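> Sequence plus predicted model, see below.
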Amino acid sequence: MEFSELVQKRQSDRKYAPKPVAREHILKCLEAARMAPSACNSQPWKFVVVDDRVKLIQISDAAIGLGMNKFTVQVPVLVAVVQENMNLEAKAGAVVKNKDYSMMDLGMAVENFCLQAAELGLGTCIMGWFDEKKVKEVLGVPRGRRVQLLIALGHPDAPTRSKVRKPLEEMSSWNEY
């Protein structure tokens, strides 16, 4: 698959077939995330894969609220993305430049994970809406760590949608703002 096709295929899927995800596919997605670039090679992430039915229900309950993320009850795999500490060089750079490099790093790792899933014919949905305290409790995430995102992973049960995006001229420019 061409890269341009892959970015067209990857979408936020909210309907999944009742079919398990092969462990080797999950491992490929994790490997893609592992290979993502990060500031000073800090790799400030840990991906916690949840495929245990009891924990899936608990994490789904933590994700559902105010009408959001109801689809998570049907997801065969949820992945919690934990923000780990940056290494000393990245931390120093973040302070000097007043930029949270670890959040950018997490974004790149998550996108690699999701693009790999799409190439394998799997669907994903990246979620930031959930009860972090409850997720941390269910997964035993240590104090001082943040669960920044959840990723739903499974076999999509709906067609790929056409993407609606701003025109290129609106989201980019050449040589000046």
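Ah, there it is.

> longest single strand anywhere in the protein?
Using DSSP state E to assign secondary structure, the strand with the most residues in the chain is strand 146-154.

> Work out the sheet partners of that one and label each with its direction, please.
The strands beside strand 146-154 in its sheet (DSSP bridges) come out as strand 77-83 (antiparallel), strand 123-127 (antiparallel).

> what's the following helix or strand after the lowest-mean-pLDDT helix or strand in the chain?
Comparing helices and strands within the chain by mean pLDDT, DSSP states H and E singles out helix 88-97 as the least confident, with a mean of 92. Sequence-wise, the next helix or strand beyond helix 88-97 is helix 101-119, with elements assigned using DSSP states H and E.

> for residue 48, phi and psi?
Per-residue torsions, residue 48: phi -100, psi 110 (degrees, to the nearest 10).

> residues in contact with the residue nearest to it when sequence neighbours are not counted?
Excluding the flanking residues, the one nearest residue 48 by CB to CB, 6 or more residues apart in numbering is residue 80, at 4.3 Å. The way it works is simple: take the backbone N, C-alpha and C, and place the C-beta from them, glycine included. Contacts for residue 80 (CB atoms under 8 Å, 6 or more residues apart in numbering) come out as 47-48, 50, 59, 135, 139, 141, 147, 149-150.

> quick one on the thing from earlier: make JSON lines from the strands paired with strand 146-154 and add distance to residue 99 and mean pLDDT to it.
Rendered in JSON lines, the data for these read as follows (distance: least, CB to CB, whole Å; pLDDT from 0 to 100):
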{"stretch": "strand 77-83", "distance to residue 99": "15", "mean pLDDT": "98"}
{"stretch": "strand 123-127", "distance to residue 99": "21", "mean pLDDT": "98"}
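
> Let me have the ones you listed in a markdown table, adding distance to residue 37 as columns.
As requested, the strands paired with strand 146-154 are exported to a markdown table (distance: least, CB to CB, whole Å):
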| stretch | distance to residue 37 |
| --- | --- |
| strand 77-83 | 16 |
| strand 123-127 | 18 |
